[in-house]
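> How does the following fold in three dimensions:
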Amino acid sequence: MDRSDFIEHRRPDGELVGWLRPEGEGFVPVDLLGREHGGAVDWLDGETLLEDLGIRYLADPYVLRLENGTELRVRITEVSTRGIVVKKDDFGAIDAPLVRYELAWPMPPELTPLGDRELPAAW
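All right, here's what the predicted structure looks like:
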């Protein structure tokens, strides 16, 4: 994704929360995972949307669909425009092996928020 015209938006504490991508007379809010949130809005509405969204979604569980079709519950560990790194959710177990996956940015379709999905008990 070409980000050459993206404009960074940071919280008052300096934390990057996303970008505003110019489109026509408005701006499309883009979160840190590269997802667009709605269509073009005016500058202030775009800033407000990004600030309200914040970065809390980075702490949520996600589902990664592997090439063999298996779905794996994961957590995001790193995000940059160079890529997204997730790890198998170990539910805080300190003795669990670290299983990491490096994904493209923006967020690829095989990575989706867990949300209210029902997952197998084996997770």
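
> how far away is residue 20 from residue 43?
From residue 20 across to residue 43, the span is 7 Å (Cβ to Cβ, to the nearest Å). Where C-beta positions appear, they are placed from N, C-alpha and C, glycine not excepted.

> Overlap in contacts, those two.
residue 27 (Cβ atoms under 8 Å, 6 or more residues apart in numbering).

> Looking at the two, which is more packed in?
More crowded of residue 20 and residue 43, by other Cβ atoms under 10 Å: residue 20, with 23 against 13.

> My reading is that the more buried one is in a strand; is that accurate?
Yes - according to DSSP: H, G, I helix; E, B strand; the rest coil, residue 20 belongs to a strand.

> which residues sit in contact with it?
6-7, 9, 27-30, 43, 46-47, 50.

> So what pairs up with it in the strands?
residue 7, residue 29 (DSSP bridges).

> 25 is where my numbering starts, stick with that
From this message on, residue numbering opens at 25, which makes the last subject residue 44.

> mind checking pLDDT for it?
Residue 44 carries a pLDDT value of 98.

> returning to what we had before: could you give me the PyMOL syntax to select whichever of the contacts of residue 44 are buried?
In PyMOL syntax, the buried subset of these is picked out as below (16 or more other Cβ atoms under 10 Å):
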select buried, resi 30+33+51+52+53+54+70+71+74
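
> Specify which member of the contacts of residue 44 is nearest to residue 123.
residue 54 (28.9 Å; Cβ to Cβ).

> I'd guessed the closest one sits against residue 60; true?
Yes - the pair residue 54 / residue 60 is scored as a contact, 5.5 Å apart, by Cβ atoms under 8 Å.

> shared neighbours of these two, anything?
residue 45.
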